[in-house]
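# with the input below, show me the fold.
(chains A and B)
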There are 2 protein chains.
Amino acid sequence: MEKLYSYQELHRFTNDIFTAMGCSPEHAELAARVLVSADLRGIDSHGVARLSGYVRLWEAGRINAKPDIRIVHETPSTAVVDGDSGLGLVVAPYAMQVAIDKAKLAGTGWVSVRNSNHFGIAGIHAMMALEHQMIGMAMTNASALVAPTFSTERMLGTNPVAVAIPAGSQPPFVADMATTTAANGKLEILQRKNADTPLGWVQDKDGNDSTDANILKKQGALLPLGSDREHGSHKGYALGSIVDIFSAVLSGASYGPWAPPFPAYVPMPENMPGKGLGHFFGAMRVDAFRPAEEFLQHMDNWISRFRAATPAAGYERVLVPGDPEREMESVRMAEGIPVVSSVADDLQQLADRFSLQL
Amino acid sequence: MEKLYSYQELHRFTNDIFTAMGCSPEHAELAARVLVSADLRGIDSHGVARLSGYVRLWEAGRINAKPDIRIVHETPSTAVVDGDSGLGLVVAPYAMQVAIDKAKLAGTGWVSVRNSNHFGIAGIHAMMALEHQMIGMAMTNASALVAPTFSTERMLGTNPVAVAIPAGSQPPFVADMATTTAANGKLEILQRKNADTPLGWVQDKDGNDSTDANILKKQGALLPLGSDREHGSHKGYALGSIVDIFSAVLSGASYGPWAPPFPAYVPMPENMPGKGLGHFFGAMRVDAFRPAEEFLQHMDNWISRFRAATPAAGYERVLVPGDPEREMESVRMAEGIPVVSSVADDLQQLADRFSLQL
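Modelled structure (predicted):
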């Protein structure tokens, strides 16, 4: 049921597709690297599984393959970037670089982005800060699939947040998470297996508990992190809201239920209050707070101490955020990336259509 | 079982106690205002219920009533503040003001604090930014009561995060939340009622499910937001970790399991890697991103739209973060603040001891 591809094969093919869409060589390579980093790190829902979705958005005129990405407003530590309807996969690294450049001079840099599209996994953008001895942050709003606490209406996207923190001899701390109990990609995995979801992931169109992995096709909704009021869903709702406001209200993108949908067949919402999707990026120089050497040593100590926390019965060890994805990346780089057959078929159709080799 | 006090009575008495501890008039008034804002906003666990705890920390020599609070490191958009073991209730407003002053010049300001103590509710500090048309953020680490996913060991505090966002004609968006499923204060309420917790709030010392509201006295632990791995507790664990690192590793405070405990009778951890508790504050000028008028209008639109989201059956309306606390504040300012009898007795003992009128 799966086909195995090397990272290089998937990267080359994705690069070819973006080139066929009319992207410049630099943009096509960058977009391919960002997209396939999701497959490499085990977040299969955000990698090549979405490639045909990006192509359909381009065909629908909602992705500009030759965007003029630019800063439209700035202060010493902030900027707003207009993505000119470009691939989020290239708009995001541009904006994150602006945040890093601001941080070099001002200590920190904060960039809100409008008029963009889906940017792949948040973590890969946040991690750009690491080699500069900076803490990186990345977040984005997304198509509304999540109901606030006490509501049946889909008002927010899964609105992920990533934070990457450098260490010394330890690998970095990298958190990358949807602000929902379960990301949409986890529902897709269950759909393929014809399996139910656990209670607390989704609700039906009337707000009742549900375990139907297909409930989003029946006007159901994903639940904010916390699942229900008694377990803190109002906190997940607040986190998703903060991501929406930082990404879209600060920049002038379209927010809340008006965020542009990813599937090209879904019509755009009426009366959109802004342009495209929004993102938000941050970079903080660690030596803007204390000498970098000291910070990195204490991060090593933090990481070692947490990894040495007493495990509960049945668990071998306690993980530090970023451990699973880093381990997956090293396995998949060496042994290849398994792609489920429906996605492999999808890629083959793209190959045929653009007369490319998969 | 409850006694009713006016805001003014509790503020005046708290002010008197801090004055008796040796605080300056300015510090005593400020500390009282911050502490009693918790009672006013309905977060009873963080208000006058903790007053005798602060007094015991002062008696144990762990709170300095006359601190020399100062900036020890800075860049255009960052600073580290040393609280000189002062009351967090006065160190936090000092540091938040530094963040606001930085933001006036650099667009944003970010301040990490070491050598502090408990700072009351996070929301009240974040809200300082609102009158400057800035977004405010506040977070703090705290005594370790929370077990990471897959662990039985208490490694993190309830580590709250607050984000306050100004609007135009609508009241502001104010999220203020522990990064655990339930805050410790909710356990205390159940203890007084001799009631059980819902499943998913706490675990016992071996990591098993528990509903015992007294489990923290038996080496049990609070659970990160998400409750268990299947419902995203690794996300709550990551959020609590980010708060710990921003507050304490960036500043040079004591982090993770080494955070100083609030109860004065608990001995300080050995080999502490930093000084005191840590906090982290942020301020972002909204006009560092887009014209303030535009931002405020879109926030009004965001808030109105979310408040108009379709409610689920049995609910009258969908709330925006900050609504419950604001409504409570207006009721309690008019009608008084109910104080449970055990806390009222505690305050009376303080009054007797310092020969003050309650």
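
# which residues touch the residue nearest the centre of chain A?
Centroid check for chain A by CA atoms, centre = their mean gives residue A:121 as the closest residue, at 2.9 Å. Counting by CB atoms under 8 Å, 6 or more residues apart in numbering or on different chains, residue A:121 touches A:34, A:37, A:38, A:41, A:43, A:46, A:160, A:162, A:176. The way it works is simple: take the backbone N, C-alpha and C, and place the C-beta from them, glycine included.

# show me what the helix ranked longest in chain A is packed up against.
Secondary structure of chain A per DSSP state H: the longest helix is helix A:88-106. Contact partners of helix A:88-106 among helices and strands, from 3 or more CB pairs under 8 Å, 6 or more residues apart in numbering or on different chains; DSSP states H and E: helix A:25-40, strand A:78-82, strand A:108-116, helix A:122-126, strand A:134-140, strand A:277-285.

# tell me, how many residues neighbour the residue in the stretch 251-358 of chain A that chain B sits nearest to?
Closest to chain B within the stretch 251-358 of chain A is residue A:312: 3.1 Å, counting by CB to the nearest CB. Residue A:312 has 18 neighbours, counted by other CB atoms under 10 Å in any protein chain shown.

# any figure for the gap between it and residue A:202?
27 Å (CB to CB, to the nearest Å).

# cool, residue A:299 as well?
37 Å.

# who's in contact with residue A:69?
A:81, A:82, A:83, A:84, A:86, A:90, A:91, A:94, A:95.

# and the second one, what is it in contact with?
The reference is to residue A:82. Per CB under 8 Å, 6+ apart, neighbours of residue A:82: A:69, A:70, A:72, A:113, A:114, A:115, A:275.

# out of the residues you listed, which is nearest to residue B:206?
residue A:113 (46.7 Å; CB to CB).

# these two touch, right, the closest one and residue A:90?
No: at 11.6 Å, residue A:113 does not count as touching residue A:90 under the criterion of CB atoms under 8 Å.

# of these two, who's got more company?
residue A:113 (32 against 26).

# other SSEs contacting the helix or strand bottoming out on mean pLDDT in chain A?
Least confident helix or strand of chain A, by mean pLDDT, DSSP states H and E, is helix A:184-193 with a mean of 88. Helices and strands touching helix A:184-193, by 3+ CB pairs under 8 Å, 6+ apart: there are none.

# helix or strand: which one has residue A:304?
Secondary-structure element containing residue A:304, defined by DSSP states H and E: helix A:292-307.

# that helix close to chain B?
Yes: contact of helix A:292-307 with chain B (CB under 8 Å from any CB of the partner chain) involves A:294, A:295, A:298, A:299, A:301, A:302, A:305, A:306.

# follow-up on the earlier one: now the residue of the stretch 251-358 of chain A closest to chain B: how far from residue A:173?
Taking CB to CB as the measure, residue A:312 falls 21 Å from residue A:173.

# swap in residue A:299?
Residue A:299 is 7 Å from residue A:173, by CB to CB.

# got a list of what residue A:294 touches?
By CB under 8 Å, 6+ apart, the neighbours of residue A:294 are residue B:252.

# for the one 5 residues further on, same thing?
The contact partners of residue A:299, taken as CB under 8 Å, 6+ apart, are A:165, A:166, A:167, A:168, A:170, A:173, B:245, B:249.

# burial check on the third one, number of neighbours?
Neighbourhood size, residue A:167 [other CB under 10 Å]: 22.

# equivalent analysis for the one 5 residues further on, please.
For residue A:172, the tally of surrounding residues (other CB under 10 Å) stands at 20.

# I figured it hits residue A:129, correct?
No: checked against CB under 8 Å, the pair residue A:172 and residue A:129 is beyond contact range at 9.5 Å.

# name the helices or strands packed onto the helix or strand harbouring residue A:56?
According to DSSP H and E, residue A:56 maps onto helix A:51-59. The helices and strands touching helix A:51-59, judged by 3+ CB pairs under 8 Å, 6+ apart, are helix A:7-20, helix A:341-353.

# what's next to that helix, contact-wise?
Against helix A:51-59 from outside (CB under 8 Å, 6+ apart): A:14, A:17, A:21, A:35, A:63, A:65, A:87, A:89, A:117-118, A:262-265, A:346-347, A:349-350.

# can you say which of those are buried?
With burial judged by 16 or more other CB atoms under 10 Å in any protein chain shown, the buried subset of the contacts of helix A:51-59 is A:14, A:17, A:21, A:35, A:63, A:65, A:87, A:89, A:117-118, A:262, A:264, A:346-347, A:350.

# spell out which residues of the stretch 1-150 of chain A are next to chain B.
So far as CB under 8 Å from any CB goes, the stretch 1-150 of chain A lies against chain B at A:73, A:75-78, A:80, A:105-108, A:110, A:112, A:147-150.

# swap in 10 Å and give it another go.
With CB under 10 Å from any CB of the partner chain as the criterion, the stretch 1-150 of chain A meets chain B at residues A:72-80, A:102-103, A:105-112, A:114, A:135, A:137, A:147-150.

# narrow the residues you listed to those that are buried.
If we count by 16+ other CB under 10 Å, the residues of the stretch 1-150 of chain A next to chain B have these buried: A:73-80, A:102-103, A:106-112, A:114, A:135, A:137, A:147-150.

# now the helices and strands packed on helix A:51-59 in CSV, with distance to residue B:328?
Formatted as CSV, the helices and strands packed on helix A:51-59 follow (distance: least, CB to CB, whole Å):
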stretch, distance to residue B:328
helix A:7-20, 53
helix A:341-353, 50
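
# would you turn the ones you listed into CSV with mean pLDDT?
Below are the helices and strands packed on helix A:51-59 laid out as CSV (pLDDT from 0 to 100):
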stretch, mean pLDDT
helix A:7-20, 98
helix A:341-353, 96
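
# just the ones you listed: most buried one?
helix A:7-20 (a mean of 20; mean count of other CB atoms under 10 Å in any protein chain shown).

# okay, it in PDB with CA atoms only?
C-alpha atoms of helix A:7-20 as PDB (Å, rounded to 0.1, in the frame of the first residue of the first chain):
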ATOM      1  CA  TYR A   7      14.300  12.400  -0.300                       C
ATOM      2  CA  GLN A   8      16.200  13.400  -3.400                       C
ATOM      3  CA  GLU A   9      13.500  11.900  -5.700                       C
ATOM      4  CA  LEU A  10      10.700  13.700  -4.000                       C
ATOM      5  CA  HIS A  11      12.600  16.900  -3.900                       C
ATOM      6  CA  ARG A  12      13.600  16.800  -7.500                       C
ATOM      7  CA  PHE A  13      10.000  15.900  -8.700                       C
ATOM      8  CA  THR A  14       8.500  18.700  -6.500                       C
ATOM      9  CA  ASN A  15      11.000  21.100  -7.800                       C
ATOM     10  CA  ASP A  16      10.100  20.100 -11.400                       C
ATOM     11  CA  ILE A  17       6.400  20.700 -10.700                       C
ATOM     12  CA  PHE A  18       6.900  24.100  -9.300                       C
ATOM     13  CA  THR A  19       9.200  24.900 -12.200                       C
ATOM     14  CA  ALA A  20       6.400  23.800 -14.600                       C
END
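
# which strands and helices sit next to it?
Contact here means 3 or more CB pairs under 10 Å, 6 or more residues apart in numbering or on different chains; DSSP states H and E; on that basis helix A:7-20 packs against strand A:2-5, helix A:25-40, helix A:51-59, helix A:88-106, helix A:323-335, strand A:337-340, helix A:341-353.

# OK, contacts around the most far-flung residue of chain A relative to its centre?
Centroid-distance maximum for chain A: residue A:313 at 32.9 Å, with CA atoms, centre = their mean. Residue A:313 makes contacts with B:152, B:206, B:207, B:208, as judged by CB atoms under 10 Å, 6 or more residues apart in numbering or on different chains.
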